[in-house]
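J.: Sequence first, then the predicted structure, then my questions.
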Amino acid sequence: MLNRNVETFLGCDNAYGESKIVLFGAPFDSTTSYRPGTRFASKTMRSESFGLETYSPYQDRDLEDIPVFDGGDLELCFGNTEKALSQIEAFSEQILADEKIPCMIGGEHLVTLGAMRAAVKRYPDLHVVHFDAHADLRDEYLGEPLSHAAVLHRVWELVGDEKIFQFGIRSGDRSEFVWGKNHVNTQKFNFDGLEQAVEKLRGEPVYFTIDLDVLDPSVFPGTGTPEPGGVTFLQLLEAAIKVSGLNIVGFDLVELSPVYDQSGVSTAVACKMLRELLLAIGSKE
């Protein structure tokens, strides 16, 4: 008898019922302001993930020991941004209702808003840790409030003041930084102060969102809006593992655009970071 050969992310082929984490793709980039292509990230990451091992020497853990279900990619509406966000919200809401942790592969950063809408319903006191090159705090971009350049402002509307902790920020309109001083906690350029933030957030429900362009373009050129002056892979890995020790109720990895790095290195970086996140979060009791 033949069995279906369904491609999943490396090691994430467990049954839904037995899994603690549910991985899914949100292939959407309709509001991308510079170079599109992030809609291809999740599918590419699944294919390229088999270039990695399930074992992590960084953490001495193996994905074969972590029950993760890969639910595939959502079929999102590209002509209607609000509808696409609602689809992400509904899928995330179901995962949370089943007492599992949603892990989303973007897609542009706006997809985070859909997952966040679901998370804040279940966890009204939700906090957010945000790694990114860009502040994403504009109230609108070219007149559009639903934009990847405004996603953290929309998230702030959900969670309120002093609930968002940003790190690695090195780009944004001046008005974003002025507004942000009164509403969010922003660490420019690096991860200084992360340990203090982790201590402050211990015990709180946390949504963790990583825009991979927090990495320097020399490490990660395959993104729509590259920004020189970013962190290294090891710096990001160390910071992400620290955050992973918190009460993570949802997380995502966004803004890989594979077409802009034909070497495949950027996809490999994204896959390795996802492996480490799944291991760190999935290993907690």
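T.: Arrived safely, thanks for sending.
J.: So which residues of the stretch 51-200 of the chain form strands?
T.: Using DSSP state E, counting those that start in this stretch, the strands of the stretch 51-200 of the chain run over residues 55-56, 61-62, 68-73, 101-106, 127-131, 164-169, 185-188.
J.: do you know which of the ones you listed lies nearest residue 86?
T.: strand 101-106 (14.6 Å; CB to CB). Using the backbone N, CA and C atoms, a C-beta is placed for each residue, glycine as well.
J.: Show me what the closest one pairs with in its sheet, parallel or antiparallel.
T.: Counting by DSSP bridges, the strands paired with strand 101-106 are strand 21-26 (parallel), strand 247-254 (parallel).
J.: Need those in CSV (columns: distance to residue 120, mean pLDDT and mean neighbour count).
T.: Formatted as CSV, the strands paired with strand 101-106 follow (distance: least, CB to CB, whole Å; pLDDT from 0 to 100; neighbours: other CB atoms under 10 Å):
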stretch, distance to residue 120, mean pLDDT, mean neighbour count
strand 21-26, 17, 98, 25
strand 247-254, 10, 98, 24
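J.: closest to residue 154 out of the ones you listed?
T.: For those, proximity to residue 154 was assessed by CB to CB; strand 247-254 is nearest, at 14.4 Å.
J.: between the closest one and strand 127-131, how many degrees?
T.: On the basis of axes from the mean of the first three to the mean of the last three CA atoms, to 10 degrees, strand 247-254 is oriented at 30 degrees to strand 127-131.
J.: The next helix or strand after strand 247-254: how far from the chain's middle?
T.: Using DSSP states H and E, the next helix or strand after strand 247-254 towards the C-terminus is helix 265-282. Its chain's C-alpha centre and that of helix 265-282 lie 11 Å apart, by CA atoms, centre = their mean, to the nearest Å.
J.: How about stretch 65-73?
T.: Offset of stretch 65-73 from its chain centre (CA atoms, centre = their mean): 16 Å.
J.: Quick one: mean pLDDT for it?
T.: In this model, stretch 65-73 carries a mean pLDDT of 97.
J.: For it, list the C-alpha coordinates in CSV.
T.: Only the C-alpha atoms of stretch 65-73 are listed here, as CSV (Å, rounded to 0.1, in the frame of the first residue of the first chain):
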residue,chain,number,x,y,z
ASP,A,65,11.9,14.3,20.6
ILE,A,66,9.6,17.4,20.3
PRO,A,67,6.0,16.8,19.1
VAL,A,68,5.3,19.4,16.4
PHE,A,69,2.5,19.3,13.8
ASP,A,70,3.0,21.0,10.5
GLY,A,71,-0.5,22.1,9.3
GLY,A,72,0.8,23.4,5.9
ASP,A,73,0.1,26.7,4.3
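J.: residues in contact with that stretch?
T.: Residues outside stretch 65-73 that contact it (CB atoms under 8 Å, 6 or more residues apart in numbering): 6, 8-9, 11-16, 18-27, 42-43, 46, 91, 103, 278-279, 282-283.
J.: Now restrict those residues to buried residues only.
T.: 8-9, 11-14, 19-27, 42-43, 46, 91, 103, 278-279, 282 (16 or more other CB atoms under 10 Å).
J.: Now residue 224. Nearest residue, chain neighbours left out?
T.: Among residues not flanking residue 224 along the chain, residue 35 sits closest, at 4.2 Å (CB to CB, 6 or more residues apart in numbering).
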